[in-house]
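Visitor: here is my input, please return the structure:
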Amino acid sequence: MNKLPRITKIVSVEPYKITVVWTTAEIRVIDFEPFFQQWNKNANAHLLALKDWEVFKHVAVSESKTLEWSNHASVLNFRNKRIEVPTSLDPDVLYEQSLFIKNIDTIPVGVMLKEAREKAGLSQAEVALSAGTTRNYISRIENGKSDIQLETLHKIVALGLGKELKVEVVDSNL
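Guide: Got it, this is the predicted structure:
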């Protein structure tokens, strides 16, 4: 079962457009002009308040991984009590109405592993034997058919190739 797309990060907020990263590893832009037109047509004054830039620009990602405005409360009635919560929007609707920009680049682990193996002059079977895995698994990783955990990659590189694995986390602008 595929997970439903949810927002993980806001990349930029400009007047009535928000660029976000989704759990699908996609960067997409949400243009709010069509939403404003629909809310105007439906006379939804509460949501039309987001058209005020001073309100709109304070958007954040909620715990439920959608967009919310803590500076613009929605009122709910629950068990005869009035509860104020930040205004939030349905993430499925936001995803459906957003425009795809690009996928976040994936790390070509399989390609790097294959290049290192070939450079070392080793067969898949030799690497697998030294690393305590199967040739089929090495093949699947090299061909992008299998995911790999970092610990397993470290083991294959260290034991199978006799090399050192270095992983670096760097700041980047999406």
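
Visitor: ok, which stretches of this structure are strands?
Guide: Secondary structure of the chain (DSSP state E): strands at 7-14, 17-22, 26-31, 59-61, 67-78, 81-88, 99-103.

Visitor: sketch out the low-pLDDT regions of this structure for me.
Guide: Within the chain, the set of residues satisfying pLDDT under 70 comprises 1-2, 172-174.

Visitor: care to break the chain down by domain?
Guide: 7-103, 109-160 (automatic domain parsing).

Visitor: what about stretch 158-167, distance to the chain center?
Guide: 29 Å (CA atoms, centre = their mean, to the nearest Å).

Visitor: name the residues of it that are buried.
Guide: If you call a residue buried by 16 or more other CB atoms under 10 Å, then stretch 158-167 has these buried ones: 160-161. Yep, even glycine has a C-beta here, placed from its N, CA and C like the rest.

Visitor: at the geometric centre of this structure, which residue sits there?
Guide: The centre of the chain sits closest to Thr23, judged by CA atoms, centre = their mean, with a distance of 3.2 Å.

Visitor: coming back round to it: could I get the domains of the chain as a markdown table with distance to Val167?
Guide: Formatted as a markdown table, the domains of the chain follow (distance: least, CB to CB, whole Å):
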| stretch | distance to Val167 |
| --- | --- |
| domain 7-103 | 19 |
| domain 109-160 | 7 |
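
Visitor: helices of the chain, residue ranges please.
Guide: Taking DSSP state H as the test, the helices found in the chain are 33-41, 45-48, 53-56, 91-97, 109-119, 124-131, 135-142, 150-155.
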